[in-house]
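>>> What would the 3D arrangement of this be:
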Amino acid sequence: MIERFYMKNCLTFDEVELELKSGLIVFSGPSGSGKSVLMRSILGSVGFDDALAEVSESSVTWQIDEEITGFSNEEPNIFKQVKREKLRYFINAQSISKKALHNISRNYLRLLSLKDYSDFEQTNMLSILDQQVSKSDATYVETLEIYKNDFHLYQNKKHELEQLIEQERRIDEHKEFAAFELAKIDAINPQQNEYESLLEIKRTLSQKEKSEERIAQAESFFEREHLVSDALNALDVDSGFFDDAMNELRATFEQARSNFLDLEGEDIESVLDRLEELSDLKHRYGSIEEAIAYRDEKAKEVEKYENFDYEKSRLSKEVDTLFKELLSLADYISQKRSETLYDLNRSINDYLKLLYLSGAEMSLSHGDFMSSGQDRVEFNLKGAALEKVSAGEFNRLRLALLALQSESMQGQGGVLMLDEIDANLSGEESMSVAKVLRQLSKHFQIFVISHQPQLTSMGEQHFIVEKDDVSTVRELSKEERIEEIARMISGDTVSKEAKNFAKELLEGDA
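Numbering: from 1, shown residues only. Next up, the predicted model:
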């Protein structure tokens, strides 16, 4: 709700400050006193109208979505318009564009003088219908939730299947390429650490002939080994170190001969050819390990393509099963909605009857599956589409719809702004409109300008707008309300009968 409104320097107004309550708030006063200017200034403070005042400011209880808007909530939030050197708008002293301010405010405020079709959008109309169904079917809301979850799952699976079918057009080309890449690597069949092992073999083979010749020459030294031992003994030197060295030398030569013997069957040309093949792989993939990893990846890809038909068949069956479940749930939802249509249309027309209007009809047709079902709502007045009805009829339709919704409301629905909704109505008609607004005021803060005593008497807060040289606004006491309502009844000269009738209206409301 709007808790407080402040305005400064607005046409014939110098300064206005209003403390506002919830419920139905009525503004009355002589023609030309500035009621519409005041209403437009309230709207201007929240981005709904042009800026008429130098300053207009509304303190609101609306909780802003901080993540989406980037504004932090305060207690209360201050929506403000300032027009000095240039026009600027603010929320809690932070600058904001008029468009952005309007987009935030429209979540909490509705201006019924505009032909706004949002109340008649499919989502809202189906929501009203579903609220009515849930009154008589305790499991209906749960069924709607199951349908919604199944619908999103169906959409996801259907998308997966469509992607699979799209891939199918290129699958042969992809499969052939993957198989070709796999065959190239498999033809070489590289093994982990094979390249390093072959390099070692190549190095050993290249040394074999020369090393064997050198070992044979060196082994002649062993024939004179005893001479060294004798010389050391003659010198009284322990020859153990020399014997150990000679034994180690013999072991080294024997190991070398053993290695050469192991390579006896190796063909140096074959080793070189194999190294060349592996070098090509290293050059292409970066390393033998990366070549093996790429080969494994292509093997999985080929396997996936070979299993493509199975995956497509499985997904198709899953989509078909989900579709049948959706169809069954959607049929049930449609049936429940259709069964409720008669009572819903009767309820809407009951409210319209109070508003001296009739002939509204809501009907259902079927379309594509959506998250809300397969139903589409069509709404007309006496057979005419909403676009064809007058502005007055349209706004009364909106009131009837809001009144119907308010029956199921738990909390507050925001702010409604109306300008002379009872204009040109008889006293009886004005009282009917007032009763509908009073019903709505249980869940909405409603601002209305009225020239009729019936609607004015229903107000839970009553302000009078007067003009001498300047326009002023003040809240009326009960006695002052009687005087003002009596003025509406009898004109500037207030009669005793008018006062008595004014009292009856106020006491009847009480």
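
>>> contacts and neighbour counts: CA atoms only from here.
Noted.

>>> gap between the helix or strand encompassing Leu153 and the chain center?
Using DSSP states H and E, Leu153 falls within helix 140-168. Relative to the mean C-alpha coordinate of its chain, helix 140-168 is positioned 18 Å out (CA atoms, centre = their mean, to the nearest Å).

>>> Val436 and Lys353 touch, don't they?
No - the criterion here is CA atoms under 8 Å, and Val436 misses it with Lys353 at 10.4 Å.

>>> export the very next helix or strand once past the helix holding Leu153 as CSV, just CAs?
Past helix 140-168, heading to the C-terminal end, the next element that is a helix or strand (DSSP H and E) is helix 171-188. These are the backbone C-alpha positions of helix 171-188, laid out as CSV (Å, rounded to 0.1, in the frame of the first residue of the first chain):
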residue,chain,number,x,y,z
ILE,A,171,25.7,-39.6,-38.7
ASP,A,172,27.1,-41.6,-41.7
GLU,A,173,29.7,-38.9,-42.4
HIS,A,174,30.7,-38.7,-38.7
LYS,A,175,30.7,-42.4,-38.3
GLU,A,176,32.9,-42.9,-41.3
PHE,A,177,35.4,-40.2,-40.2
ALA,A,178,35.6,-41.7,-36.6
ALA,A,179,36.1,-45.2,-38.0
PHE,A,180,38.8,-43.9,-40.3
GLU,A,181,40.7,-42.2,-37.5
LEU,A,182,40.3,-45.2,-35.3
ALA,A,183,41.6,-47.6,-38.1
LYS,A,184,44.7,-45.4,-38.7
ILE,A,185,45.8,-45.6,-35.1
ASP,A,186,44.8,-49.3,-34.7
ALA,A,187,46.9,-50.1,-37.8
ILE,A,188,50.0,-48.9,-35.8
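
>>> tell me the angle helix 171-188 makes with helix 140-168.
Compare the direction of helix 171-188 with that of helix 140-168 by axes from the mean of the first three to the mean of the last three CA atoms, to 10 degrees and you get 60 degrees.

>>> what's the straight distance from one end of stretch 384-398 to the other?
The stretch stretch 384-398 measures 16 Å between its terminal residues, going by CA to CA, to the nearest Å.

>>> for the helix or strand harbouring Asp331, packing partners?
For Asp331, the element it lies in under DSSP H and E is helix 308-354. Counting contacts by 3 or more CA pairs under 8 Å, 6 or more residues apart in numbering; DSSP states H and E, helix 308-354 packs against helix 122-136, helix 140-168, strand 360-370, strand 373-381, helix 391-406, helix 427-440.

>>> just checking, next helix/strand downstream of the last one?
On the C-terminal side of helix 427-440, the closest following helix or strand by DSSP H and E is strand 444-449.

>>> Which secondary structure elements does that next one sit against?
In terms of contacts (3+ CA pairs under 8 Å, 6+ apart), strand 444-449 is packed against strand 24-28, strand 414-419.

>>> What about the residue lying closest to Asn233 once chain neighbours are set aside, how many residues nearby?
The shortest distance from Asn233 to any non-neighbouring residue, by CA to CA, 6 or more residues apart in numbering, is to Ser239 (6.9 Å). Neighbours of Ser239 under the rule other CA atoms under 10 Å: 15.

>>> now Asp236
By the measure other CA under 10 Å, the count of residues near Asp236 is 9.

>>> Can you classify it by secondary structure?
Reduced to three states with DSSP: H, G, I helix; E, B strand; the rest coil, the structure at Asp236 is coil.

>>> Taking the centroid of this protein, which residue is nearest it?
Nearest to the mean C-alpha position of the chain, counting by CA atoms, centre = their mean, stands Ile68 at 10.3 Å.
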